[in-house]
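Q: build me a model:
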Amino acid sequence: MAKTVVAKYSIGGDHFEIFVDSDLAYEYITGKRTDAMSVLQVEEVFTNANKGEKPSQEKLKKIFATTDLPKIAEYILKHGNVPITTEQHRKLTEEKRKQIEQIIARNSIDPRTGAPHPIQRIENAMETAKVTIDPFKTANEQVDAVVKKINMLLPIKFATARMEVVIPAEYANRSYGMLKQYGLKSEEWQANGALKAVLEFPAGLQGEFFEKLNNFTKGSAQSRNLV
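A: Got it, this is the predicted structure:
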């Protein structure tokens with residue numbers, strides 16, 4: 001049986017509320033559901049849902065730049081306060097934590113060594129620094145604050161790897177698709193059939209890239225860092 005709760009969004013002195021199905025709202029904020037309208041129990045926006053008080057069209061236009069209900073519902077669900085159970089809150093917080101760890105690991109390096117930070121090292125630093133995760137903000141919105149908090153424990157530098165690789169002719173064609181996955185910026189096919197390519201990708205992916213490169217070319221590729 002559906003449980004109806006009130007999702008709320010406030011800005012300045014203005015308040016907006018919508019009636020939503022709690023389970024469907026959780027699916028929406030976790031990305032398992034994409035249609036905001038399917039979450040609504042009542043297709044209206046209120047200033048006070050329990051009293052049935054509604055905002056004017058002018059107020060909606062001023063705050064949301066639209067009077068279109070699907071767009072307003074989407075905004076409230078993404079940026080407002082959606083009541084969820086304790087277990088849902090825990091699961092959502094943990095999902096956001098993992099996403100943040102992956103973003104940092106993928107895009108950064110240790111400036112002391114130039115090597116990527118393993119996920120476990122980032123996780124340990126976040127735990128030691130007692131980082132608080134907001135389950136209602138996106139992972140990208142929280143990365144800067146998390147890095148600032150753990151940077152004293154774990155030096156972090158966001159960087160892009162720029163790499164030149166030369167792949168022998170016998171492995172060039174089979175490796176081409178893999179190279180495209182890592183930001184292929186230019187390619188030059190040599191007279192002997194070898195492929196010289198320049199790639200750009202998040203610095204944290206260097207270990208993963210070299211592992212795949214070696215697998216595709218049986219360790220025969222040549223590479224050099226252009227940064």
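Q: who's in contact with the helix or strand where residue 166 lies?
A: Assessed by DSSP states H and E, residue 166 sits inside strand 160-167. If you take CB atoms under 8 Å, 6 or more residues apart in numbering as the criterion, strand 160-167 is touched by 175, 179, 190, 194-203, 205-206, 209, 213, 216-217, 220-227. The way it works is simple: take the backbone N, C-alpha and C, and place the C-beta from them, glycine included.
Q: ok, 6 Å please
A: If you take CB atoms under 6 Å, 6 or more residues apart in numbering as the criterion, strand 160-167 is touched by 175, 194-201, 203, 206, 217, 221-224, 226-227.
Q: what does stretch 62-79 give?
A: 7, 9, 14, 18, 28, 36-37, 40, 45, 57, 60-61.
Q: got the buried residues for it?
A: Buried residues in stretch 62-79, defined by neighbour count with 16 or more other CB atoms under 10 Å: 63-64, 69, 72-77.
Q: now, which of the residues you listed lie within strands?
A: Counting by DSSP state E, no part of the buried residues of stretch 62-79 is found in strands.
Q: okay, those in TSV with distance to residue 139 next?
A: Formatted as TSV, the buried residues of stretch 62-79 follow (distance: CB to CB, whole Å):
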residue	distance to residue 139
63	26
64	24
69	28
72	24
73	23
74	19
75	19
76	20
77	17
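Q: circling back to that earlier point, hey, C-alpha coordinates of the strand holding residue 166 in CSV?
A: Coordinates of each C-alpha in strand 160-167 appear next as CSV, following Å, rounded to 0.1, in the frame of the first residue of the first chain:
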residue,chain,number,x,y,z
THR,A,160,44.4,14.8,-16.7
ALA,A,161,46.8,12.3,-18.2
ARG,A,162,48.0,13.1,-21.8
MET,A,163,49.6,10.0,-23.3
GLU,A,164,51.3,9.1,-26.6
VAL,A,165,51.2,5.4,-27.5
VAL,A,166,52.7,3.5,-30.4
ILE,A,167,51.0,0.1,-31.1
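Q: on that earlier part again, give me the subset of the contacts of strand 160-167 lying in strands.
A: Reading strands off the contacts of strand 160-167 with DSSP E, I get 195-201, 222-224.
Q: list just the nearest of those residues to residue 148.
A: Of all the ones in strands among the contacts of strand 160-167, residue 148 sits closest to residue 201, with 24.6 Å by CB to CB.
Q: disregarding residues adjacent in the polypeptide, which is nearest to residue 82?
A: Of all residues not flanking residue 82 in the chain, residue 7 sits nearest, at 4.6 Å (CB to CB, 6 or more residues apart in numbering).
Q: phi and psi next, for residue 4.
A: phi -90, psi 130 (degrees, to the nearest 10).
Q: tell me, how many residues neighbour it?
A: 13 (other CB atoms under 10 Å).
Q: repeat that for residue 29.
A: 19.
Q: tell me the contacts of it?
A: With CB under 6 Å, 6+ apart, residue 29 has these contacts: residue 82.
Q: quick one, what contacts the closest residue to residue 41 other than its chain neighbours?
A: Nearest residue to residue 41 in three dimensions, chain neighbours excluded: residue 19, at 4.2 Å (CB to CB, 6+ apart). Contacts for residue 19 (CB under 6 Å, 6+ apart) come out as 4, 41-42, 49.
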